[in-house]
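Peer 1: Here's my sequence, what's the structure:
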Amino acid sequence: MLKNNLYFSLLFLLATSPILAQDQDLGTESVTVVKNYAPVILIGAKPLIAPILKEVSWDQKRTLTYPIQEFPVASNFIPQLAAPDVLPAEKAPKSYNTLVHLGLGSRSTAALWADSQIKQSRYAHIGLQLIHNSMVQDLPELDWDSNFFNTQLQGSYYFSKRKKHYQAGASLKHMAYSWYGMPIMQGGIAQLSIAVPVYDLQQNYFSSEIFGSFRQDKGALESLSITGGDFRDTTQSNAQKIIVHGNGRFMLGDKPLFWNASYDFRGGQFSIPPLPSFDQSNGLGYQIHKVALNPVIELADADAFFKLGSKIIYSNGLKIYPDIYGQYALVADFVSAFARLSGDFNLNDYASFVQENPFVSPSLEVLPSDQRYAFELGVKGGGAAFSYSLSWMENSTNNQALFVQNPKNYLNAYEKQFNYGNSFEVVYDAIDTQRLGVGIEAAPLQGLSLSGHYHRFDYTTTPAQEAWHLPKESARIQLEYNFLTRFTLNGSWNYTGVRTARSSQMVQFIVPGPLPSEVFELPGFHRLDAQLFYQANERLSVFVKGSNLTGSTYALWSGFVAPPRIVMAGAQYRFDL
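Peer 2: Down below sits the predicted model:
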C-alpha cells in the first residue's frame with residue numbers, strides 16, 4: 001500500500017512541475033531557444049526561397065499568367081527535317097614558297113621571273129625576287145645593235161606580329177639599251193656623210209635602292225616608309241632620290257580625318273651639256289625638294305560619298321591644290337554621277353625619264369611639273385555581271401615634260417654616238433588636255449571576263465607647236481577566259497593613235513636663230529598579244545605566248561622601230577626551298 005502511494009506522489013509532481021516553473025524567477029542568465037528546422041540538401045546553385053504569401057503586401061489587383069505547354073498533336077506537329085547530306089570537302093591546294101617562270105622565244109628573247117618567300121619563324125620571312133627580260137638578236141633591216149637587257153634583283157625581310165608589320169630590303173637593277181634609231185633620211189633632212197669607224201650605241205643604266213616600312217592596322221600613324229636610291233649610267237651621269245611617306249587618321253568627333261605627309265628629294269648631275277646648246281662646257285645639274293601634307297575628311301550615307309581635302313605643298317614656295325571627290329547614286333547600284341577636282345606638284349628626275357623612254361640622251365634638263373588642276377565629270381554604274389564608266393576630263397599642267405628627238409649634232413664629238421638624231425631630249429610646255437573616255441567591264445559567261453576602254457585627247461600647247469609624241473586617241477580590249485578546268489587564255493588588243501614628232505639639225509649660225517627642223521606624224525598602230533596557260537598539276541604549268549601577232553610595223557618613238565612578231569614558250573614550276 002505504501003509502495004503504491006509513493007508511485008502516485010512521484011507521478012503528481014512530474015505533472016505539476018511546468019506550472020510551478022512559470023512562477024519561478026529565471027534570473028539574468030541567457031536562454032538559448034532551439035527552433036525546429038527541416039534539413040535542406042543543396043545541389044548545384046543556391047535555391048531561391050519564395051516569400052510566404054502572408055508576408056507579402058498586395059496593394060492592387062494582380063493578373064496571374066499561366067503558360068500552357070503545347071503537346072505535339074495532329075494539328076500542331078511539325079516533323080523534324082532529316083540532316084542534310086555532307087558535301088565532300090575539296091582538298092586545299094598545297095602552297096609552295098618558290099615559283100620560277102621561264103620562257104624562251106624567237107629572236108633570242110628570254111623572260112625569267114623567280115619569286116621565293118622563305119619562312120624564318122612564326123612572325124618573320126625573307127622574300128627574294130629576280131626579274132629578267134632580254135632580246136639578243138638584232139631587229140631586221142637594221143645595221144646597228146638593237147638588243148636589250150633588263151634585270152632586277154630584290155631582297156626583303158618581313159616581320160609581322162599581332163597588328164604591327166615591318167619590312168626592310170634592297171634592290172639592284174641593270175638595263176642595257178642601244179640608240180639604234182639612226183635613219184638615213186628622217187623628216188626630209190639628210191644625214192651628213194661622215195665616216196665613223198665604230199658606232200658605240202650601247203647605253204647601260206645601273207640603279208640601287210634601299211627601303212623600309214612600318215604599318216599597323218589602326219592608329220594616328222598607320223604607315224611610315226622611307227626609300228633611298230641611286231641611279232647611274234656609263235657616261236657618268238647620275239641621279240639620287242630620298243622619299244619619306246606617312247599616313248594615318250585622327251578622330252574629329254565621330255568622323256575620321258585622314259592625312260598623308262611626305263618629303264621628296266630629287267637631285268642629279270649630267271656629264272654632257274644639252275645637244276641643242278652651243279655651250280658645251282658643262283652638263284646641267286638639279287636639286288629639288290618637296291614637302292607635302294594632304295588632309296582629307298570623308299562623308300558618306302546610303303546614296304552619296306564625298307571626299308573633301310587639299311594638298312599643301314612647299315617647294316620653292318607654298319602651293320595649295322584641291323583634293324575633292326563626290327559621288328551620288330542617281331539609280332541605286334546602276335547609275336552614279338561623280339566629279340573630281342585635284343592638282344599636284346610632281347617631281348621629275350633622270351631615272352623616271354629613262355623608265356618611260358630608255359632612249360633619252362644623258363644630257364637632259366630636269367624641271368618639276370605643276371599640275372594646276374584636273375577636273376573630271378562623269379557617270380558610272382553597273383549590274384550583276386557588268387560595269388561601265390563615261391567621263392570627260394580637263395587637265396592643265398605647267399612644265400609638262402615632252403620627249404622630242406635631239407637635233408643631229410655633227411659639230412661636236414662624243415664618246416657614245418647618240419648625237420645622230422637617235423636619242424631624245426626633254427622639253428617643257430604648258431599644256432591643257434581634254435579627254436573623253438568610256439570604259440566597260442563584263443563577265444558574260446562563267447570563267448570569262450572582258451574589259452575595254454577608249455580615250456580621245458585634244459591638246460592646247462603654249463608656246464610649243466605640238467604635244468610631241470602624245471597620242472590623239474587610244475583604245476584597249478582585254479580578255480581572260482578559264483575553261484576546261486586547267487586552261488587559261490589571256491589576250492589584249494591595243495591601239496595608239498596618230499602622234500606628232502619633230503626632227504632638227506644643228507648648224508653653225510652666223511646670226512643666232514632657230515634650228516632648221518621638220519614636223520611629221522607617226523601613224524597610229526595596233527598590237528595584238530595573247531597567252532595560253534595549261535595547269536598540268538599543282539606544281540607545273542606550261543604556256544605559249546605571242547606578242548605583236550599581226551606583225552604590225554610601228555614606232556613607239558620616232559626613228560625606233562618596235563620588234564616584230566615574237567612567239568615564246570615556257571613553263572612555271574612551284575617548289576619549296
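Peer 1: Could you list the buried residues of the top strand by length along the chain?
Peer 2: For the chain, the strand with the greatest residue count under DSSP state E is strand 424-445. Neighbour counts over strand 424-445 (16 or more other Cβ atoms under 10 Å) mark 424-433, 435, 437, 439-442 as buried. Where C-beta positions appear, they are placed from N, C-alpha and C, glycine not excepted.
Peer 1: Could you list every helix and strand in contact with it?
Peer 2: Judged by 3 or more Cβ pairs under 8 Å, 6 or more residues apart in numbering; DSSP states H and E, the packing partners of strand 424-445 are strand 386-405, strand 448-462.
Peer 1: Find the one among those with the highest mean neighbour count.
Peer 2: strand 386-405 (a mean of 18; mean count of other Cβ atoms under 10 Å).
Peer 1: now it against strand 448-462, angle please.
Peer 2: 40 degrees (axes from the mean of the first three to the mean of the last three Cα atoms, to 10 degrees).
Peer 1: Show me what strand 386-405 pairs with in its sheet, parallel or antiparallel.
Peer 2: Strand 386-405 pairs in its sheet with strand 369-382 (antiparallel), strand 424-445 (antiparallel), by DSSP bridges.
Peer 1: Take these and lay them out in a markdown table including mean pLDDT and distance to residue 144.
Peer 2: A markdown table is the format used below for the strands paired with strand 386-405 (pLDDT from 0 to 100; distance: least, Cβ to Cβ, whole Å):
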| stretch | mean pLDDT | distance to residue 144 |
| --- | --- | --- |
| strand 369-382 | 96 | 33 |
| strand 424-445 | 96 | 16 |
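Peer 1: Could you export the ones you listed to JSON lines, including columns for distance to residue 282?
Peer 2: As requested, these are exported to JSON lines (distance: least, Cβ to Cβ, whole Å):
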{"stretch": "strand 369-382", "distance to residue 282": "25"}
{"stretch": "strand 424-445", "distance to residue 282": "17"}
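Peer 1: of all those, which lies closest to residue 481?
Peer 2: Nearest of the strands paired with strand 386-405 to residue 481, taken as Cβ to Cβ: strand 424-445 at 8.3 Å.
Peer 1: next one: that closest one to chain centre, how far?
Peer 2: Relative to the chain's own centre, strand 424-445 is displaced by 19 Å; criterion: Cα atoms, centre = their mean, to the nearest Å.
Peer 1: cool, and stretch 145-156?
Peer 2: The answer for stretch 145-156 is 23 Å, by Cα atoms, centre = their mean.
Peer 1: One more: stretch 374-392?
Peer 2: 20 Å.
Peer 1: Give me the pLDDT for the nearest residue to residue 474 once chain neighbours are set aside.
Peer 2: Leaving aside its sequence neighbours, residue 474 sits nearest to residue 455 (Cβ to Cβ, 6 or more residues apart in numbering; 5.1 Å). Looking at residue 455, its pLDDT stands at 98.
Peer 1: From residue 472, how far off is residue 455?
Peer 2: Taking Cβ to Cβ, to the nearest Å as the measure, residue 455 falls 10 Å from residue 472.
Peer 1: one step back: of the buried residues of strand 424-445, closest to residue 413?
Peer 2: residue 425 (18.5 Å).
Peer 1: what secondary structure does residue 281 sit in?
Peer 2: coil (DSSP: H, G, I helix; E, B strand; the rest coil).
Peer 1: Run a quick neighbour tally on it.
Peer 2: 6 (other Cβ atoms under 10 Å).
Peer 1: With the one 10 residues further on instead?
Peer 2: By the measure other Cβ under 10 Å, the count of residues near residue 291 is 15.
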